[in-house]
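Participant: coordinates only, no sequence provided:
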């Protein structure tokens, strides 16, 4: 005995799954694009240099910034003297060859830059560089 349906349903395209995928991709791209701007938040004017070398940043690079007031920041997070020592001590325990980059403001007190260099040396971190702006002519 055959069963007859009076009306057959028309086929539909389900868009829910596609919308979910697009939404997740949008979130991923928004979050990943915001992660690159973390270091740009500090208002630091780098000193100019005539001869510079372009060095690629690595994921394990630690950035120590010193603003014009002499305040210290490790990876854009404000730290004091003890916080700088703790952060560099932890970095030295993980990897003694870890790269340290110092972003010092043009008007930063020189004693603050020397303090960062001294702390790096005290913790055994020897791969230290000072970030400068390129002098484009």
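Facilitator: Cool, got the structure. These numbers were taken from a predicted model, which means no experiment stands behind them.
Participant: check what pLDDT the spatially closest residue to residue 92 that is not a sequence neighbour gets.
Facilitator: Excluding the flanking residues, the one nearest residue 92 by C-beta to C-beta, 6 or more residues apart in numbering is residue 123, at 4.3 Å. All C-beta atoms are positioned from the backbone trio N, CA, C, and that covers glycine. Note for residue 123: predicted pLDDT of 91.
Participant: mind listing what residue 123 touches?
Facilitator: 85, 88, 89, 91, 92 (C-beta atoms under 8 Å, 6 or more residues apart in numbering).
Participant: identify the residues contacting stretch 76-93?
Facilitator: 38-39, 41-42, 62-65, 71-74, 98, 100, 115-116, 119-120, 122-125.
Participant: looking at those, which are in helices?
Facilitator: When DSSP state H defines the helices, the subset of the contacts of stretch 76-93 inside them is 115, 116, 119, 120, 122.
Participant: of those, buried ones?
Facilitator: Listed as buried from the ones in helices among the contacts of stretch 76-93 are 115, 116, 119, 120; burial here means 16 or more other C-beta atoms under 10 Å.
Participant: shaky segments in the protein?
Facilitator: The model of the chain has pLDDT under 70 over residues 1, 4-6, 34-42, 50-57, 134-137.
Participant: considering the contacts of residue 123, which is situated nearest to residue 33?
Facilitator: residue 91 (26.6 Å; C-beta to C-beta).
Participant: what's the local residue count around that closest one?
Facilitator: Using other C-beta atoms under 10 Å, residue 91 has 20 other residues around it.
Participant: wasn't it part of a helix?
Facilitator: Yes: with DSSP: H, G, I helix; E, B strand; the rest coil as the criterion, residue 91 is part of a helix.
Participant: and it, how far is that from residue 43?
Facilitator: Distance from residue 91 to residue 43, counting by C-beta to C-beta, to the nearest Å: 25 Å.
Participant: dump the ones in helices among the contacts of stretch 76-93 to a markdown table, plus distance to residue 7.
Facilitator: Formatted as a markdown table, the ones in helices among the contacts of stretch 76-93 follow (distance: C-beta to C-beta, whole Å):
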| residue | distance to residue 7 |
| --- | --- |
| 115 | 82 |
| 116 | 78 |
| 119 | 79 |
| 120 | 78 |
| 122 | 83 |
